[in-house]
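Visitor: what's the 3D shape of this:
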Amino acid sequence: MSVSRRTVARSVRVFGVVSASAALALGVAGTAAACNINEFSAEATCDGDNGVITVTDVDPAGVPATVTVFLQNNGADIEKVGEQVVKGTREGTTITFEEEWKPNAEYRIHVKAKPYVDEDIKPNLTTPATACGTDEEPPAQEEPEPSPSEPSSPPAEEPGAPAPSPSESDSTPPADTSSNAPSPAGESNLAETGADSNTGLIAGIAAALVAVGGGAVFFGMRRRGANSER
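Guide: The predicted model follows:
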């Protein structure tokens with residue numbers, strides 16, 4: 001049984017269409033596997049007290065891609081933070097941009113990998129509501145030195161309260177122990193007479209002197225009378 005030319009031509013035509021379709025499908029699949037914007041992600045994090053923005057590429061083909069980060073305000077770029085080239089891996093490759101971001105700030109991240117990707121990561125990156133380094137306790141404030149206390153004034157007397165009575169030490173003058181008034185007559189002599197043991201001797205000598213004096217006077221008067229009689 002022979003195969004006609006018409007049958008052979010039809011078979012070749014069908015095989016060509018199938019091959020072309022397969023090539024086109026493989027080409028699209030290869031393009032999709034090579035690089036895609038969905039393989040890029042961004043995040044605002046902290047490295048200690050410093051803010052950073054990280055971009056991760058999980059492209060298994062490792063197509064070089066240029067990543068550019070812009071700070072935005074009201075939908076417009078106001079500052080270019082930085083630009084780096086990344087080659088993705090199946091596990092993911094991460095690049096870091098040092099940026100002291102503010103809370104709730106907005107950043108636009110653009111990815112360009114010719115001829116596959118030239119667009120932004122959607123949506124734009126919004127930073128956390130808390131800045132880096134705010135978890136630390138503030139330094140203790142030194143307490144001011146206390147000022148010298150003023151002398152306290154005596155408490156005010158309540159109305160109607162009785163006035164305190166003066167104490168004896170305030171109202172009565174101290175007694176004068178050395179009084180200048182003369183002591184009663186004879187008080188000191190009596191005390192001395194009773195205390196002196198030589199009083200009898202002195203009295204005897206005085207009596208003898210009195211007797212001698214009286215005798216001398218008597219004798220003198222007698223001689224004077226005798227002389228007058230002659």
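
Visitor: Describe which strands the longest strand along the chain pairs with in its sheet and in which direction.
Guide: Counting by DSSP state E, the longest strand found in the chain is strand 76-87. As defined by DSSP bridges, the strand partners of strand 76-87 come to strand 64-73 (antiparallel).

Visitor: can you list contacts of the partner strand?
Guide: By C-beta atoms under 8 Å, 6 or more residues apart in numbering, the residues outside strand 64-73 that reach it are 35, 40, 42, 53, 55, 57, 59, 77-88, 95, 97, 99, 105-113, 117, 124. Where you see a C-beta, it was placed from the backbone N, CA and C, and this is true even at glycine.

Visitor: Of all the residues in that strand, which ones are buried?
Guide: The neighbour-count criterion (16 or more other C-beta atoms under 10 Å) identifies 65, 67-71 as the buried residues of strand 64-73.

Visitor: likewise stretch 116-133?
Guide: Buried residues in stretch 116-133, counting neighbours by 16+ other C-beta under 10 Å, are found at 116-117, 121, 125, 127, 131-132.

Visitor: quick check, nearest of those to Asp47?
Guide: Distance from Asp47 was checked for each of these by C-beta to C-beta. The minimum falls on Cys132, at 8.0 Å.

Visitor: residues in contact with stretch 114-134?
Guide: Counting by C-beta under 8 Å, 6+ apart, stretch 114-134 makes contact with 31, 34-37, 40-44, 46-51, 53, 55, 63, 65, 72, 100-112, all of which sit outside it.

Visitor: rerun that using 6 Å as the cut-off
Guide: Stretch 114-134 is contacted by residues 34-35, 37, 40, 42, 44, 46, 49, 51, 101, 103-112 when judged by C-beta atoms under 6 Å, 6 or more residues apart in numbering.
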